[in-house]
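[1] Generate coordinates for the sequence data below:
(chains A, B, C and D)
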There are 2 protein chains.
Amino acid sequence: MMPASETAYQKIRAFILQGEAVPGMQLTEEKLSEISGVSRTSVRDAVRRLENEMLVVRSASKRLSVADWSEGEVDEMFTLRAMLEAHAAARAARRIDDDALEILRGINKELKDAVNQSPPDIACFLEANRRFHDLILECAQSPRLTKLMPALVEQPVVRRTAHQYSKIQLNQSAVDHDELIAAFAAKDADWAKSVMTSHIRRAFHSFSITASPDRS
Amino acid sequence: MMPASETAYQKIRAFILQGEAVPGMQLTEEKLSEISGVSRTSVRDAVRRLENEMLVVRSASKRLSVADWSEGEVDEMFTLRAMLEAHAAARAARRIDDDALEILRGINKELKDAVNQSPPDIACFLEANRRFHDLILECAQSPRLTKLMPALVEQPVVRRTAHQYSKIQLNQSAVDHDELIAAFAAKDADWAKSVMTSHIRRAFHSFSITASPDRS
DNA sequence: CGGGGTGATTTTGTATACAATAGAAGTGCA
DNA sequence: TGCACTTCTATTGTATACAAAATCACCCCG
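    I've put the predicted structure just below:
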């Protein structure tokens, strides 16, 4: 049995990310308690975590609401994520072993398979993508960095955009990953860092374009 | 009256930082409840925050203990802090207004006064130093960055080291701050970023030297 | 008709009690 | 004596009840 606070965390998170919640919408602990089926005590625990991830925000009067990010904030988040993931990639390049490298290749194979479905299997793509980046973070062996990253996982952004990604853009991700693997194999920290920076920033610009109002 | 969870946070934090706790020492919620004089509910709240700051760590079996950082982790923390504070400085340079600039000058004046006491007033120095960096962070106008920084405030390290700082080193901090102010006045983001990077990394190396075992 | 204050209601904060789980210490058997 | 198993204890996890605080709605007074 999963801890109640973990249940609450997952349910509330899903509630927010799977679009049932509107940005800015108020969330009372009572309501969240109903949604997740556990007591307010555990809900508060879960909310703490979600607050750190900035998926929910707390007003001056301590009331909770679904986060609503400005364009500038999304921009800044990508910038920070690019900085930290690039740093993680550089560290990983110095520390990665052959086993991890092999697993990374396996994950990217799954990712390619997901992309090559017709239509591409977005859920699978996102899952493989997440595992790919998580493993790099693990190889970076930096507890601090691991603690920081969750505040920058832009799940909602990825989700919003991935459904609009073209097959070409999805493929580019796979290609980026291949080059990252090559940089890791060569233990070239600078190379890994550069590739990761490009990889994240490309994702950002894909987002900027696809997320803008239609120019039809 | 301060909220109980805030009381607990401050008391426990002080307990850890003011050296009453040894790294690795176990902390039960009950004990922390006694120390802070509030119920376990509020203590758990406080502990959540301290966990994020990585001042306390949770073992596999959920037991709490005072964090004990390896040399590599301290190194990594300074690196991350340098990255993020430099980024903050760059953003601040683009956004800062004359009022904030003036306040910054005032704070640095206080800092210099503290340094010029005989002996230098370390507590005052640390306080002014904290306010200086906090204001820059505020001027950066990045909620995300603001959320991230607390996990990198290496209070214990600063504290351990500042008492061993020479007057020359303390003065260098004031000089760095002056140059930062100049960069801000010129609205030169790159300059600000470089100065901040040097500033943090210098502090790191001062730490490395003074914290090493005596080489007498 | 508007502003300010007062009571009711909603929402968050805290304590306590109890449940579940992990760790330690015995205890018995080979 | 050593090892597995069991009981007991220490510790964390969760729910509920109540307290404090904030918001809202209403009414009264100007």
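[2] Report whether the lengthiest helix in chain A contacts chain B.
    Criterion DSSP state H: the longest helix present in chain A is helix A:71-95. Yes. Using Cβ under 8 Å from any Cβ of the partner chain, helix A:71-95 reaches chain B at A:73, A:76-77, A:79-80, A:83-84, A:87. All C-beta spots, glycine's among them, are computed from the backbone N, C-alpha and C.
[3] And that helix, what's buried?
    A:73-74, A:76-93, A:95 (16 or more other Cβ atoms under 10 Å in any protein chain shown).
[4] Is residue A:196 in contact with residue A:81, as I believe?
    No. Using Cβ atoms under 8 Å as the test, residue A:196 is too far from residue A:81 to be in contact (10.0 Å).
[5] what about residue A:177, distance to residue A:58?
    Distance, residue A:177 to residue A:58, using Cβ to Cβ, to the nearest Å: 37 Å.
[6] If you count surrounding residues, which of these two has more?
    More crowded of residue A:177 and residue A:58, by other Cβ atoms under 10 Å in any protein chain shown: residue A:177, with 23 against 11.
[7] For the residue nearest to that one when sequence neighbours are not counted, give me its contacts.
    Nearest non-adjacent residue to residue A:177, counting by Cβ to Cβ, 6 or more residues apart in numbering or on different chains: residue A:108, 4.6 Å away. Contacts for residue A:108 (Cβ atoms under 8 Å, 6 or more residues apart in numbering or on different chains) come out as A:128, A:132, A:174, A:177-178, A:181.
[8] swap the cut-off to 7 Å and go again
    For residue A:108, the contact set (Cβ atoms under 7 Å, 6 or more residues apart in numbering or on different chains) comprises A:132, A:174, A:177-178, A:181.
[9] Can you flag the buried ones in those?
    Buried among the contacts of residue A:108 by 16+ other Cβ under 10 Å: A:132, A:174, A:177, A:181.
[10] which residues sit in contact with the nearest residue to the first one once chain neighbours are set aside?
    Among residues not flanking residue A:132 along the chain, residue A:107 sits closest, at 4.9 Å (Cβ to Cβ, 6+ apart). Residues in contact with residue A:107 (Cβ under 7 Å, 6+ apart) are A:128, A:131-132, A:135.
[11] ok, how many other residues are close to residue A:30?
    Close neighbours of residue A:30, defined as other Cβ under 10 Å, add up to 10.
[12] ok, now residue A:9?
    Residue A:9 has 22 neighbours, counted by other Cβ under 10 Å.
[13] Give me the nearest residue to it, chain neighbours excluded.
    In this structure, residue A:9 finds its nearest non-sequential neighbour in residue A:46, 3.9 Å apart by Cβ to Cβ, 6+ apart.
[14] What distance do you get for the residue nearest the centre of chain A to residue B:146?
    Nearest residue to the geometric centre of chain A (Cα atoms, centre = their mean): residue A:153, 3.5 Å. With the distance defined as Cβ to Cβ, residue A:153 ends up 18 Å from residue B:146.
[15] next one: residue A:202
    Per Cβ to Cβ, residue A:202 is found 27 Å from residue B:146.
[16] thinking residue A:191 is in contact with residue A:183, fair?
    Yes. Contact criterion Cβ atoms under 7 Å: residue A:191 and residue A:183 qualify, at 3.9 Å.
[17] Pick out whichever of those two has more residues nearby.
    Of the pair residue A:191 and residue A:183, residue A:183 is the one with more neighbours under other Cβ under 10 Å, namely 23 against 18.
[18] Noted, bye for now.
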